[in-house]
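> Sequence plus the predicted model coming up.
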Amino acid sequence: MQIGLVGLGKMGGNMRERLRNAGHTVVGYDTNPERADVDSLVELVDRLERPRAVWVMVPAGAATQHVVDQLATLLKPGDTVIDGGNSRWTDDEKHAEELGKRGINFVDAGVSGGVWGLKNGYALMVGGEKEHVDDLKPIFDALKPDGPYGYVHAGKVGAGHFSKMVHNGIEYAMMQAYAEGWELLEKVDSVDNVREVFRSWQEGTVIRSWLLDLAVNALDEDQHLEKLRGYADDSGEGRWTVEAAIDNAVPLPAITASLFARFASRQDDSPQMKMIAALRNQFGGHAVESAKK
Ligand SMILES: NC(=O)c1ccc[n+]([C@@H]2O[C@H](COP(=O)([O-])OP(=O)(O)OC[C@H]3O[C@@H](n4cnc5c(N)ncnc54)[C@H](O)[C@@H]3O)[C@@H](O)[C@H]2O)c1
Ligand SMILES: O=C(O)[C@H](O)[C@@H](O)[C@H](O)[C@H](O)COP(=O)(O)O
């Protein structure tokens, strides 16, 4: 099958290779000319036979919106846009509507697997109308892992990104749990080698997982993570998961705490703990520490 791929960074670049390895024809465009097969989105569209399929794999938000807007003017009725980035699921309905007015189909695909996807395959959570999704089956088959799982048509437009968002919420909480356990083990004198405890957990335990394997990889590279600063960014999906939990009155204490832990990691000092210290001092005369100069 032929497909256009917009965005050839860490994800799109490897996806192009996996698709080509499976015999598909991929025309790739990226604003970075060193990565691109063609010089413009116009050329990408011209190079594809109709009905065309164009997979968008650029940062969520403004960049994805920009590409969808451009494709809306370049594609023709019967063509399909797939958004494989980590877009907010509420953007999908907007995109489906904007493209649908012109007869262009829209499918959202939550993609998991990161830079390992080229070798292991990408887990795909897809949303959209059945006939649009079914037309893309050869592409999904090439990208997905080789085993029986790793692919789902989760529901209507938006369901793919909603499922991926929840997946990432779980990812936040799992990572936070491993991180907290690791810190406690490192703190006590009784445990000689925390890295080996983590390694031992990779077989037989209740908590073995791919994230645990990756934690062991990280500890093999830097046994006490001394080269890293304790700072963690976020790209939005954790926040959206918590927002959806509030909208639906579903309690998500673990995922919410793991999101807030990342926010805390960005502070050199804690303004709210200054208030706690001040109040303890006010009511109990408890000692306070001076601010660092
Ligand atoms: N990295 C991951 O582990 C991962 C996993 C799943 C999903 N995602 C999602 O996939 C998308 C891409 O992620 P990535 O890690 O490959 O990012 P990246 O920053 O490595 O690559 C993005 C690419 O998009 C290109 N680009 C930006 N704006 C463009 C435009 N208007 N037209 C054409 N190209 C444009 C950039 O030049 C860059 O090459 C994001 O939405 C991300 O959230 C990432
Ligand atoms: O399933 C995956 O492959 C990852 O979840 C992937 O989507 C990516 O690494 C996240 O975007 C990071 O998300 P944060 O920047 O929010 O941690």
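Nice, I can see it. Because the structure is predicted, anything quoted here is derived from the model rather than measured. Ligands and ions are numbered 1, 2, ... in the order given.
> Show me where the stretch 151-293 of the chain has its strands.
Secondary structure of the stretch 151-293 of the chain (DSSP state E, counting those that start in this stretch): strands at 151-155.
> what do you get for the stretch 1-150 of the chain?
2-6, 25-29, 53-56, 80-83, 105-112, 123-127.
> Return the mean pLDDT over the fourth one, rounded to an integer.
On average, the pLDDT along strand 80-83 is 98.
> so what strands line up beside it?
Strand 80-83 pairs in its sheet with strand 53-56 (parallel), strand 105-112 (parallel), by DSSP bridges.
> one step back: out of the strands of the stretch 1-150 of the chain, flag the one nearest ligand 2.
strand 105-112 (3.2 Å; Cβ to the nearest ligand atom). Bear in mind the C-beta positions are built from the backbone N, C-alpha and C, glycine included.
> what is the orientation angle of the closest one with strand 151-155?
130 degrees (axes from the mean of the first three to the mean of the last three Cα atoms, to 10 degrees).
> what angle sits between strand 105-112 and strand 123-127?
Going by the same axes, to 10 degrees, strand 105-112 makes 150 degrees with strand 123-127.
> Please save the CA atoms from strand 105-112 in CSV.
Provided in CSV are the C-alpha atoms of strand 105-112 (Å, rounded to 0.1, in the frame of the first residue of the first chain):
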residue,chain,number,x,y,z
ASN,A,105,-11.9,10.8,6.3
PHE,A,106,-10.2,11.0,9.7
VAL,A,107,-8.8,8.3,11.9
ASP,A,108,-7.0,8.8,15.2
ALA,A,109,-4.2,6.3,16.2
GLY,A,110,-2.6,6.3,19.7
VAL,A,111,0.8,4.9,19.2
SER,A,112,3.0,3.3,22.0
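> quick revisit: need the strands paired with strand 80-83 in CSV with distance to ligand 1 and mean pLDDT, can you?
Below are the strands paired with strand 80-83 laid out as CSV (distance: least, Cβ to the nearest ligand atom, whole Å; pLDDT from 0 to 100):
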stretch, distance to ligand 1, mean pLDDT
strand 53-56, 8, 98
strand 105-112, 5, 98
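> burial count for the residue of the stretch 151-293 of the chain found nearest ligand 1?
Here the stretch 151-293 of the chain gets closest to ligand 1 at one residue, Ser235, 5.6 Å apart by Cβ to the nearest ligand atom. Applying other Cβ atoms under 10 Å, we find 13 residues neighbouring Ser235.
> now do Arg16
24.
> separation between it and ligand 2?
17 Å (Cβ to the nearest ligand atom, to the nearest Å).
> can you tell me which residues contact Leu211?
Going by Cβ atoms under 8 Å, 6 or more residues apart in numbering, Leu211 touches Glu171, Met174, Met175, Tyr178.
> what's the pLDDT at the closest residue to Arg266 other than its chain neighbours?
Closest residue in space to Arg266, ignoring its immediate chain neighbours: Tyr231 at 6.2 Å, by Cβ to Cβ, 6 or more residues apart in numbering. Looking at Tyr231, its pLDDT is 98.
> What confidence value was assigned to the residue in the stretch 101-250 of the chain positioned nearest to ligand 1?
For the stretch 101-250 of the chain and ligand 1, the shortest gap (Cβ to the nearest ligand atom) falls at Gly114, measuring 3.3 Å. We have a pLDDT of 95 for Gly114.
> Where does pLDDT dip in the stretch 51-200 of the chain?
By pLDDT under 70, the stretch 51-200 of the chain has no low-scoring segment.
> Within range of ligand 2, give me the residues from it.
Applying Cβ under 6 Å from any ligand atom, we find that the stretch 51-200 of the chain lies next to ligand 2 at Asn86, Ser112, Gly113, Gly114, Asn168, Glu171.
> What is the neighbour count of the second one?
Meaning Ser112. Using other Cβ under 10 Å: Ser112 sits among 17 other residues.
> what's the answer for the one 10 residues further on, then?
As a burial measure, Tyr122 scores 25 neighbours (other Cβ under 10 Å).
> Please give me every residue in contact with it.
Met15, Arg18, Val111, Ser112, Gly113, Leu143, Lys144, Pro145, Gly150.
> quick one: the residue of the stretch 151-293 of the chain closest to ligand 1 from Ala254, how far?
As judged by Cβ to Cβ, to the nearest Å, Ser235 and Ala254 stand 19 Å apart.
> do the same with Thr25
Thr25 is 44 Å from Ala254, by Cβ to Cβ.
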